[in-house]
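Undergrad: okay, predicted coordinates and the sequence, questions at the end:
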Amino acid sequence: MPTYEFFEHTADVGIRAYGPTLVEALSAACDALTDVMTGGAQVMSGSQKSFGINASDTEQLVVDTLSHLVYLFDAEGFVPGRCDIDLDENLSAHVTARGEQFDPDRHGEGLDVKAVAYHMLKVERQDSGDWMIRVLLDV
Amino acid sequence: MAYEGRLNKLDDWRFELPIEGSQHQSASTPPMRVPGLVYTDGKMLEAVKGDDALYQVINVATLPGIVGRSIAMPDIHHGYGFAIGAVAAFDADEGVISPGGVGYDINCGVRLMRTDLSVEDVRPRISKLINTMFNNVPCGVGEGGRLKLADHELEEVLEQGARWVVSQGYGWDEDPQFMEENGGIAGADADLVSPEARKRGRGQLGTLGAGNHFLEIQRVDTIYDREAAAAFGVTAVGQVMIMIHTGSRGLGHQIATDYLGEMRKANKKYQIPLVDPQLSCAPASSPEGQKYFKAMKCGANFAWANRQLIMHWVRESFEAVLGRKSIDMGMHLVYDIAHNMAKLETHEVAGKPRRLYVHRKGATRAFGPGHADIPEPYRAVGQPVLIPGDMGTASFLLRGTQTAMEQTFGSTCHGAGRRLSRHASVRQYRSTDVIAALERDGIYLKAKSKRVVAEEAPGAYKNVDEVVQVCHDSGISRLVARLTPLGVVKG
């Protein structure tokens, strides 16, 4: 079963990401973001970037983590492949993103992601016990 | 969820969402402080009721200090927090300021240049012109700019906008006077722009970006108002014009992201009821509100500088291909407008002048004749209003009116607005078919990405002709000229 899916929104791209834990759902949301930014291209993991997030709630955790990946892509040309996330009980996260430098020939069919929106944002534990993250990307 | 609440018809183009009887999105939505006012026509009304945009007009009407009406333009569609195509004014002392009322692309806007050239001069060279512009103006995802700015230079851009770029030789001395705010709004403070935003911006000055942004060579297709057109330098059908549609790129997006996080905290601090997390706001007069306002101005100035550089390279492209000086081809700037902005303006409300933070999100300032902020050569006819179409569809030149000053805080629409999602558009259109169809219409397209071509297919957008007709008929702006594309550069 795929760990994320896209849903229709007129001017934007919506993501629903799932995982047995919040961390795994967040990691799936990161994969979905990369999918959008690269047009689904394969990403090598030759280099890595690490960063920390201190969030006041789970919604902020999602927005700040994805926003930082957008920043790395846009400012440094870093294409994140896989994200490993350590999260403590105070919602402090340490993210290690493995990826590579942007290559227009392979990654150029993606969308220009401007930002990660709060609108329609939802982070919840479902009845099954799994976590679901719903987030909109402004493109 | 389709809107089923009350919507009172005021006349053929104006519908009111009353304080009593409007349907709210949720039971917890606080009461409206002012009515909503929707500009549309009977034909477009059903589509407007079909998405969530009217609920967003209502949500905005609940915010503290809102004055007059929460206004929706005919191109309104569902956005974040504020709908796209929304105008709302808040009292400078009692009201709020909200990044959700500006959007992520701060000062996304449009610039129109005139020429003395005619279709006959340009058509035989159109592919060469478009290809040269495509090569001279970086565009598309991940494409860096040609300038590498030092930090102090970036600060000049953030605080002075297009004027600094012109002082460095990228343009003519006359250019800034034909831009809203003379291309550099006062009160911008670069110290309030984060290192992340600076880093995103530094490499992207003078880039077009992707998505709905474009660079077009157009021809004048119709002149509706000869006097106003002449004032704007538009003299004949077939005259060649150039339009630039882009914004503040990653720098503006990062400023918006940074301050939305801050506003979320401020919203709690000032105990403002939050109807939508994207509507977080702070009192405009608070430290948080003022910091956002001054940082937002930096984003706006970056966008004016961005469009200025692009225009300079367009002039150079025409010079290279046609072998004449741009000044000899009459390549003057007509005007440059912002359509995602919050501004502190004075408007007459109930017979008295009031200082207001006017938010225009997907809406264009449209000041009427005589206003001191209009460049002197245009003042008698009103501010030029630039409405971009989509790739392959018409764009419009209009003028601001006294009616706009009285009804909409001097504002009008901003464009067509999407009809189909990007996914739906890609399913429905193939890029090769879109390019072939444009070619049949005599339009040469050069695009970085095939996917963007399918996503931006003309059929994915609402009919811009209908949108501007409502603005014209309701009087909030008046048609001056219709422009159709000869060649298009897309990201």
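TA: Yes, it's here.
Undergrad: which SSE is immediately downstream of the longest helix that chain B contains?
TA: What stands out as the longest helix in chain B, according to DSSP state H, is helix B:287-322. For helix B:287-322, the succeeding helix or strand toward the C-terminus, using DSSP states H and E, is strand B:333-338.
Undergrad: partner strands of that following strand, with direction?
TA: Note on strand B:333-338: by DSSP bridges, its sheet partners are strand B:109-118 (antiparallel).
Undergrad: related to what we said a few turns ago, what comes up buried for the longest helix of chain B?
TA: Buried residues in helix B:287-322, counted by 16 or more other CB atoms under 10 Å in any protein chain shown: B:288-319, B:321-322. For glycine as for every other residue, the C-beta is placed from the backbone atoms N, C-alpha and C.
Undergrad: hmm, it touching chain A?
TA: No. Contact of helix B:287-322 with chain A (CB under 8 Å from any CB of the partner chain) is absent, the minimum separation being 11.9 Å.
Undergrad: B:K291 and chain A, how far apart?
TA: 19 Å (CB to the nearest CB, to the nearest Å).
Undergrad: residues from chain A in reach of chain B?
TA: Applying CB under 8 Å from any CB, we find that chain A lies next to chain B at A:6, A:8-11, A:13, A:37, A:39, A:56, A:59-60, A:63-64, A:67, A:70-71, A:73-77, A:102, A:104, A:107-112, A:114-119, A:121, A:136, A:138-139.
Undergrad: buried subset of the residues you listed?
TA: A:6, A:9-11, A:13, A:37, A:59-60, A:63-64, A:67, A:70-71, A:73-75, A:77, A:102, A:107-112, A:114-119, A:121, A:136, A:138-139.
Undergrad: what's near enough to touch the residue most central in space within chain A?
TA: Residue closest to the average C-alpha location in chain A (CA atoms, centre = their mean): A:C30, at 2.3 Å. By CB atoms under 8 Å, 6 or more residues apart in numbering or on different chains, A:C30 lies in contact with A:T65, A:L66, A:L69, A:P80, A:C83, A:I85, A:A97.
Undergrad: ok, those residues vs B:G351, which is closest?
TA: A:L66 (48.9 Å; CB to CB).
Undergrad: helix, strand or coil: sort out that closest one for me.
TA: Secondary structure for A:L66, judged by DSSP: H, G, I helix; E, B strand; the rest coil, is helix.
Undergrad: and the pLDDT at residue 9?
TA: With no chain named, the answer covers chain A. A:H9 is assigned a predicted lDDT (pLDDT) of 76.
Undergrad: my bad, chain B
TA: According to the prediction, B:K9 has pLDDT 96.
Undergrad: that one and B:F15 touch, don't they?
TA: Yes. Counting by CB atoms under 8 Å, B:F15 is a contact partner of B:K9 at 5.6 Å.
Undergrad: middle-most residue in chain B, spatially?
TA: Centre-nearest of chain B using CA atoms, centre = their mean is B:H339, 2.5 Å out.
Undergrad: got the contact list for that residue?
TA: Contact partners of B:H339, counting by CB under 8 Å, 6+ apart, are B:C108, B:G109, B:V110, B:R360, B:G362, B:A363, B:T364, B:H414, B:G415.
Undergrad: could you redo the last one with a cut-off of 6 Å?
TA: B:C108, B:G109, B:T364, B:H414 (CB atoms under 6 Å, 6 or more residues apart in numbering or on different chains).
Undergrad: returning to what we had before: and the longest helix of chain B, what does it pack against?
TA: In terms of contacts (3 or more CB pairs under 6 Å, 6 or more residues apart in numbering or on different chains; DSSP states H and E), helix B:287-322 is packed against helix B:126-136, helix B:151-160, helix B:162-167, strand B:239-246, helix B:249-269, strand B:282-283.
Undergrad: okay, angle between the fifth one and helix B:287-322 too, please.
TA: Using axes from the mean of the first three to the mean of the last three CA atoms, to 10 degrees, one finds that helix B:249-269 and helix B:287-322 are set 170 degrees apart in direction.
Undergrad: buried residues in helix B:249-269?
TA: B:249-264, B:266-267.
Undergrad: and what of the second one?
TA: When burial is assessed from 16+ other CB under 10 Å, helix B:151-160 yields the following buried residues: B:E153, B:L154, B:E155, B:E156, B:V157, B:L158, B:E159, B:Q160.
Undergrad: so, low pLDDT: which residues of chain A?
TA: Applying pLDDT under 70 to chain A picks out residues A:1-2, A:11.
Undergrad: please report how far B:G351 lies from B:G370.
TA: 18 Å (CB to CB, to the nearest Å).
Undergrad: can you list the residues of the stretch 301-450 of chain B near chain A?
TA: B:R418, B:S421, B:H423, B:S449 (CB under 6 Å from any CB of the partner chain).
Undergrad: can you get me a residue count around the third one?
TA: A count of neighbours around B:H423, defined by other CB atoms under 10 Å in any protein chain shown, yields 15.
Undergrad: sticking with it, tell me its helix or strand.
TA: helix B:422-428.
Undergrad: same question, B:C139
TA: B:C139 belongs to no helix or strand, assigned by DSSP H and E.
Undergrad: that one contacts B:V452, correct?
TA: No. The pair B:C139 / B:V452 is not scored as a contact, 9.7 Å apart, by CB atoms under 6 Å.
Undergrad: which strands or helices does the strand ranked longest in chain B pack on?
TA: Counting by DSSP state E, the longest strand found in chain B is strand B:477-490. Using 3+ CB pairs under 6 Å, 6+ apart, the elements in contact with strand B:477-490 are helix B:126-136, strand B:214-223, helix B:226-231, strand B:395-400, strand B:444-447, helix B:464-474.
Undergrad: got the angle between the first one and strand B:239-246?
TA: This means helix B:126-136. Using the same axes, to 10 degrees, helix B:126-136 lies at 30 degrees relative to strand B:239-246.
Undergrad: not counting its own residues, what contacts helix B:126-136?
TA: B:L215, B:W313, B:V314, B:S317, B:A320, B:V321, B:Y444, B:K446, B:L486, B:G487, B:V489.
Undergrad: what of stretch B:205-213?
TA: Contact partners of stretch B:205-213, identified using CB under 6 Å, 6+ apart, comprise A:112, B:137-141, B:145-147, B:215, B:245-246, B:249, B:306, B:309, B:452, B:491.
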